[in-house]
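> Sequence and computational prediction follow.
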Amino acid sequence: MNFQTMDYFVAVAEERSFTRAAKRLNVTQQTLSANVAAAERELGVTLVERKVPLVLTGPGHRFLAYARKFQATERSMEQEFADIAHDERGLLGVGIANTRSHILLPEVIADFRARRPGIDFDICEAENSQLLGLLKDGVVDIAVGTFPGVHKGYEVRPLCEQRVSLVAARSLLEGLYGERADEVVARVERTGSLEALAGCPFLLLGEHDVPGDVARAELARVDAEPEVAAFSTNSETLLGLARRGVGAAFCTEEMLSRRALGPDAEGLAVVRLPERTKVQVSVAWRRAEHVWSQVLAFYEALVAHVGLLSSDGVGMG
C-alpha cells in the first residue's frame, strides 16, 4: 500500500461508487477496483460491500480513518517542504458555512490570489457543526465558523463578534400590528425582549448552530409559546422566507449589509437584539509542529478584510 491507495479508498468511500470514484480520480474503474481488492488481500479483511450504493464494512470504516490521516500527513509534508523551498504554490482547503462563504470569500480570495497567484482554493461549504470534523479528517486546512468551548488539537483565533438580529418584511409587521409596527420594533430594541412580538411567526436555524441556539434562548425568555413557521440549516433560505413575509428570521450582522440584503432592503425591518446575542466568529486550523505559511497568511487576509468591512460600517463586527 502507498499514498495512492489511500487516495483511491477515500474517493470510493466518499462517492460510494467505483464508477463515480474512478471518474473523479481520472482512472479506469478496473484500476480502482483492483487497487482496493489488493488492499483487502494485504489486510486480510473485506473493506467494502460491493453493492449499489457501495457500503463500507466495519474494517472499512477503520481503514477510512487511517486513510484520511495518511492524506493529512502527506499534505502537511508537502506544505512544510513548500515553505522550506519558498514555493508559494499549492491547494488551500477552506471549510465554511454556505451563507458566510457567499458573503466573505469572493472578495478575500480574489485579493489573496492577486498577491499569491500560485495558491488555488478548494472551498468546502458545510454546516458549522461539521467544520472541525473536516479539519480533523484533513479535508480542509482552515475553517471559518463559530467554535464555542475549548478544542484540543486545534488553534482557534478570533475573527469578529456579530450580534444576532431579527429581520422581517415590513408588510408582515404592518399586517400583524398595523400602525403600531414601528412602535413594536422600538419596544423590542428598548427592552431587549421579544414579548412585544407576540403573534409573530419565527424562522429558525436547526440544532447545533450557534446563531440558532442564541435565537432559541431568546425565545425561551418569552412566556408564550412562539410559532415557528420554518426550520432550515441555511440562513439564506430563512432570509428569503423573511423577504416574502413568512416570518421573522434570526440573522447575524454579516447578512445585514445592503450588499447582502440586496434590492429588498427597503422592504425589510431589522430589529437589533441585546448585546447578549453576540456570537464569536473564529478561524481554526490543526495545531501542528509546522503550520503552512499560506494558512497563516489567509487568516491575516480574513482579519484585514473584516476590519475594512467594519470601518465601512458594514455589519461584520
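That came through, no problem. Numbering: from 1, shown residues only.
> hey, let's count contacts and neighbours off CA atoms from now on
Noted.
> Which parts of the stretch 201-317 of the chain are helices?
Here the stretch 201-317 of the chain has its helices, by DSSP state H, counting those that start in this stretch, at 210-220, 235-243, 258-261, 293-311.
> Could you say which of those helices is packed most deeply?
Highest mean neighbour count among the helices of the stretch 201-317 of the chain (mean count of other Cα atoms under 10 Å): helix 235-243, with a mean of 21.
> For I123, which of the helices of the stretch 201-317 of the chain is the nearest?
Closest approach to I123 among those is made by helix 293-311 (13.1 Å; Cα to Cα).
> on that earlier part again, the helices of the stretch 201-317 of the chain into a markdown table, with extra columns for mean pLDDT?
As requested, the helices of the stretch 201-317 of the chain are exported to a markdown table (pLDDT from 0 to 100):
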| stretch | mean pLDDT |
| --- | --- |
| helix 210-220 | 87 |
| helix 235-243 | 89 |
| helix 258-261 | 58 |
| helix 293-311 | 85 |
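> mind checking which of the ones you listed is nearest I84?
Closest among those, once you apply Cα to Cα, is helix 293-311, at 10.1 Å.
> Pull the contacting residues for L204.
The contact partners of L204, taken as Cα atoms under 8 Å, 6 or more residues apart in numbering, are 212, 215, 228, 230-232, 238, 249-250.
> helix, strand or coil for the spatially closest residue to H290 that is not a sequence neighbour?
Leaving out its chain neighbours, the residue that sits closest to H290 by Cα to Cα, 6 or more residues apart in numbering is E80, at 6.6 Å. At E80 the chain is in helix, as set by DSSP: H, G, I helix; E, B strand; the rest coil.
> Quick check: buried residues in stretch 82-95?
Residues 82-83, 90, 92-95 are the ones in stretch 82-95 that count as buried (16 or more other Cα atoms under 10 Å).
> Same question for stretch 32-47.
32-33, 35-37, 39-40, 46-47.
> Can you lay out those residues as JSON lines showing distance to R75 and secondary structure?
JSON lines is the format used below for those (distance: Cα to Cα, whole Å; DSSP: H, G, I helix; E, B strand; the rest coil):
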{"residue": "L32", "distance to R75": "22", "secondary structure": "helix"}
{"residue": "S33", "distance to R75": "24", "secondary structure": "helix"}
{"residue": "N35", "distance to R75": "21", "secondary structure": "helix"}
{"residue": "V36", "distance to R75": "22", "secondary structure": "helix"}
{"residue": "A37", "distance to R75": "25", "secondary structure": "helix"}
{"residue": "A39", "distance to R75": "22", "secondary structure": "helix"}
{"residue": "E40", "distance to R75": "25", "secondary structure": "helix"}
{"residue": "T46", "distance to R75": "27", "secondary structure": "coil"}
{"residue": "L47", "distance to R75": "24", "secondary structure": "coil"}
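> Max pairwise distance over these: which two?
The largest distance within the buried residues of stretch 32-47, taken as Cα to Cα, falls between L32 and T46 and amounts to 15.4 Å.
> in the stretch 51-200 of the chain, which ranges drop under the pLDDT threshold?
Residue ranges of the stretch 51-200 of the chain with pLDDT under 70: none are present.
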